[in-house]
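In: Just a sequence and a predicted model for now, questions to come.
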Amino acid sequence: MRLAGKVALVTGGSRGIGRAIVVALAREGAKVAFCYRASSEAADALVKELEAGEHDAVAWQADVANKADADAVVAKLIERWGKIDILVNNAGVIRDGLLATMGEEQWREVIETNLGGVYNFCQAVTRTMMSARYGRIVNLSSVAASKANPGQANYAASKGGVEGFTRCIASELARRGITVNAVAPGFIETDMTLAVRNAAGEEIKKRIPMRRIGQPEDIARAVVFLASDEASYITGQVLCVDGGLTLGGM
Ligand code: NAP
């Protein structure tokens, strides 16, 4: 129970990696709120599952790209549990396409969700965390921030932005007892990678030195570590969790 007494907020907690993070934080003793964009049934089912396990959990619909939504979620959380100790910016989307045919909407949705959402929620929690002189912020990046994947210029730009943003605000907030780090997953088994997994099949594993596709729980464990007091002297870092994918040389 490394997070007993802590209050956590996870964006995009209804499915995939975010769901695994919500479950892992709750199992470590945190009270967990999460938001989702559209999957209300999945969100309700997760809250019921956690409550059945005697965990405190709540879910709210919110679009991370909308600043007013972010402010409203944080206000509701503070009203409910009185504080926020941990923020995990997990919500993200892909809208892949080559630059030659990438429409403005395809560009904007990815930047506004993946990078704008991180700004919206960090901004919404910063003053409260500064007053408390305590905070743990973990942002989800991707190996795509540092590795060229044709068709992902919008996604790579958003995640590169997340990493730069993480380092900057880590430096701004360090003296207030707030750490800010990023986790960069490799290839993880979620809805986001379903189309690629269906198209490429077993071939994908040959590009991963550990020869397996990552599970959402692999990422959740890294997030819990960075959110815990065991990581209290780590800030402004990007932790790659990819089974060796970015090592190259395969
Ligand atoms: P996923 O299975 O597609 O789930 C995405 C989650 O984000 C869902 O809960 C979704 O809510 C939520 N979401 C999306 N847009 C939102 C918005 N505008 N407002 C609020 N919530 C929103 O994705 P995932 O694979 O778990 O990815 C999670 C994070 O890890 C993302 O930041 C992604 O870029 C990153 N990542 C994933 C991989 C991978 O291999 N899967 C690799 C590197 C990085 P709804 O259910 O309501 O749609």
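Out: Cool, the structure landed.
In: what does the chain put close to the ligand?
Out: Selection of the chain residues close to the ligand by CB under 6 Å from any ligand atom yields 11-18, 35-39, 62-65, 90-93, 113, 140, 142, 185, 187-188, 190-193. To be clear about C-beta, it is placed using only N, CA and C from the backbone, and glycine gets the same treatment.
In: so of those residues, which ones are in helices?
Out: 16-18 (DSSP state H).
In: out of those residues, which one sits closest to the ligand?
Out: Taking CB to the nearest ligand atom as the measure, the ligand lies nearest Gly16 of these, at 2.4 Å.
In: The protein: helices as residue ranges?
Out: Secondary structure of the chain (DSSP H): helices at 16-27, 40-52, 67-81, 104-110, 116-132, 153-173, 194-200, 203-206, 216-227.
In: Deepest in the core, which of those helices is it.
Out: Most buried of the helices of the chain, by mean neighbour count (mean count of other CB atoms under 10 Å): helix 16-27, with a mean of 25.
In: neighbouring contacts of that one?
Out: Helix 16-27 is contacted by residues 3, 8, 10-13, 32, 34, 42, 46, 50, 53, 55-57, 86, 88, 90-91, 140, 185, 188, 190-192, 215-217, 219-221, 223-224, 227 when judged by CB atoms under 8 Å, 6 or more residues apart in numbering.
In: what angle separates it from helix 216-227?
Out: Between helix 16-27 and helix 216-227, the angle comes out at 50 degrees (axes from the mean of the first three to the mean of the last three CA atoms, to 10 degrees).
In: Just list the residues touching the residue nearest to the spatial centre of the chain, thanks.
Out: In the chain, the centroid-proximal residue (CA atoms, centre = their mean) is Asn90; its distance is 1.9 Å. By CB under 8 Å, 6+ apart, the residues touching Asn90 are 10-13, 17-18, 21, 140.
In: Quick check: longest strand in the protein by residues?
Out: If you go by DSSP state E, the chain has its longest strand at strand 178-185.
In: What is the distance between that one and the centre of its chain?
Out: Using CA atoms, centre = their mean, to the nearest Å, the mean C-alpha position of strand 178-185 is found 9 Å from that of the whole chain.
In: Packing partners of that strand?
Out: For strand 178-185, the elements it packs on are helix 116-132, strand 135-140, helix 153-173, helix 216-227, strand 238-241, judged by 3 or more CB pairs under 8 Å, 6 or more residues apart in numbering; DSSP states H and E.
In: Throw these into JSON lines and include mean pLDDT, thanks.
Out: Shown next, in JSON lines, are these (pLDDT from 0 to 100):
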{"stretch": "helix 116-132", "mean pLDDT": "98"}
{"stretch": "strand 135-140", "mean pLDDT": "99"}
{"stretch": "helix 153-173", "mean pLDDT": "98"}
{"stretch": "helix 216-227", "mean pLDDT": "98"}
{"stretch": "strand 238-241", "mean pLDDT": "98"}
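In: Let me have the ones you listed in TSV, adding distance to Gly97 as columns.
Out: Below are those laid out as TSV (distance: least, CB to CB, whole Å):
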stretch	distance to Gly97
helix 116-132	19
strand 135-140	22
helix 153-173	8
helix 216-227	26
strand 238-241	26
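In: how about those, which one is nearest Leu98?
Out: Smallest distance to Leu98 across the helices and strands packed on strand 178-185 (CB to CB): 8.2 Å, for helix 153-173.
In: Which residues does the closest one contact?
Out: With contact meaning CB under 8 Å, 6+ apart, helix 153-173 is reached by 89, 92, 94-97, 99, 102, 106-107, 110-111, 113-115, 118-119, 122, 126, 129-130, 135, 137, 139-142, 144-146, 148-149, 179-182, 184, 235-236, 238.
In: Make a ChimeraX selection of whichever of those residues turn out to be buried.
Out: Entered in ChimeraX, the line below selects the buried ones among the contacts of helix 153-173, by 16 or more other CB atoms under 10 Å:
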select :89,92,94,95,96,102,107,110,111,113,114,115,118,119,122,126,129,130,135,137,139,140,141,142,144,145,179,180,181,182,184,235,236,238
